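Chemist: no sequence on hand, only this structure:
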């Protein structure tokens, strides 16, 4: 059975989930516009490989106070922001007996609703967790997560290969430099850079395959499997 690992932000979802969480939290801030632009700049620096993953996430979490409710409300919003064609792609992959995983550097509460809409079990989702105080204010990241490293996707896929005996062809799909880095580590057999929502120049230049639509993604999967 072939196995496919999808990134979430700007791949399965058209949005960057943490950026959407922060935008919601900044709703009443008079300086919202400037802070949102700052967050977007940090995200792009991280996805383009100019900042490491942990530095990018920590810098965004520090922009304003966050509460669990910001993540859960964003999760309900993002389930309406699935990249066009992805629901049908998931149906096709299941019919073709692919083993499907979502591996994301985002946070569980803002991703789980979309996973459920796509008909995937939560044991097929690997993402980061939050540290909360008694009022459910965010105090940090759960540093025990396999993904809370700059090589997080490599760590998770290696773990799954051992724990679940994944042996057939392994393919990773994503838009960011951290996805490309996981491929270059040798943990998967092939990588498809995904540029339907945003094109990262480094990913486009260095991916063995690069697509700008879900239809083109399916065509590549049909050829390489």
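Modeler: In hand now; what should we look at? Please read these numbers as outputs of a predicted model, since none were measured by experiment. Numbering: from 1, shown residues only.
Chemist: that's a strand at residue 173, yeah?
Modeler: Yes. Using DSSP: H, G, I helix; E, B strand; the rest coil, the assignment for residue 173 is a strand.
Chemist: name the SS class of the residue nearest to residue 92 when sequence neighbours are not counted, please.
Modeler: Spatial nearest neighbour of residue 92, chain neighbours left out: residue 218 (6.7 Å); criterion: C-beta to C-beta, 6 or more residues apart in numbering. Using the backbone N, CA and C atoms, a C-beta is placed for each residue, glycine as well. Following three-state DSSP, the label given to residue 218 is helix.
Chemist: number the chain from 63, please
Modeler: Yes, from this point I'll number from 63; that puts the last item at residue 280.
Chemist: give me the neighbour count for residue 280.
Modeler: 16 (other C-beta atoms under 10 Å).
Chemist: likewise for residue 152?
Modeler: Neighbours of residue 152 (other C-beta under 10 Å): 20.
Chemist: next, the buried residues of the longest helix belonging to the chain.
Modeler: Identified as the longest helix of the chain according to DSSP state H is helix 94-109. Neighbour counts over helix 94-109 (16 or more other C-beta atoms under 10 Å) mark 97, 98, 101, 104, 105, 106, 107, 108, 109 as buried.
Chemist: can you check stretch 182-194 too?
Modeler: Using 16+ other C-beta under 10 Å as the burial criterion, the residues of stretch 182-194 that qualify are 182, 186, 187, 188, 189, 190, 192.
Chemist: run through the neighbouring helices and strands of the helix or strand of the chain with the lowest mean pLDDT.
Modeler: When the helices and strands of the chain are compared on mean pLDDT, DSSP states H and E, helix 94-109 comes out lowest with a mean of 81. Secondary-structure packing of helix 94-109 (3 or more C-beta pairs under 8 Å, 6 or more residues apart in numbering; DSSP states H and E): helix 79-87, helix 115-123, helix 239-246.
Chemist: residues in contact with the last one?
Modeler: Meaning helix 239-246. The contact list for helix 239-246 (C-beta atoms under 8 Å, 6 or more residues apart in numbering) reads 69, 108-111, 115, 167, 212-216, 219, 234-236, 250, 252-253, 255, 262, 264-265, 268-270.
Chemist: of the residues you listed, which belong to helices?
Modeler: 108, 109, 115, 214, 215, 216, 219, 264, 265, 268.
Chemist: out of those residues, which end up buried?
Modeler: 108, 109, 115, 214, 215, 216, 219, 265, 268.
Chemist: check the gap between the residue nearest to the fourth one when sequence neighbours are not counted and residue 284 for me.
Modeler: Using C-beta to C-beta, 6+ apart and skipping residues adjacent in sequence, the residue nearest residue 214 is residue 167, 6.1 Å away. When C-beta to C-beta, to the nearest Å is applied, the distance between residue 167 and residue 284 equals 28 Å.
Chemist: next one: residue 190
Modeler: In terms of C-beta to C-beta, residue 190 sits 32 Å off from residue 284.
Chemist: please apply the same query to residue 242.
Modeler: 22 Å.
Chemist: output the longest strand belonging to this protein.
Modeler: strand 161-169 (DSSP state E).
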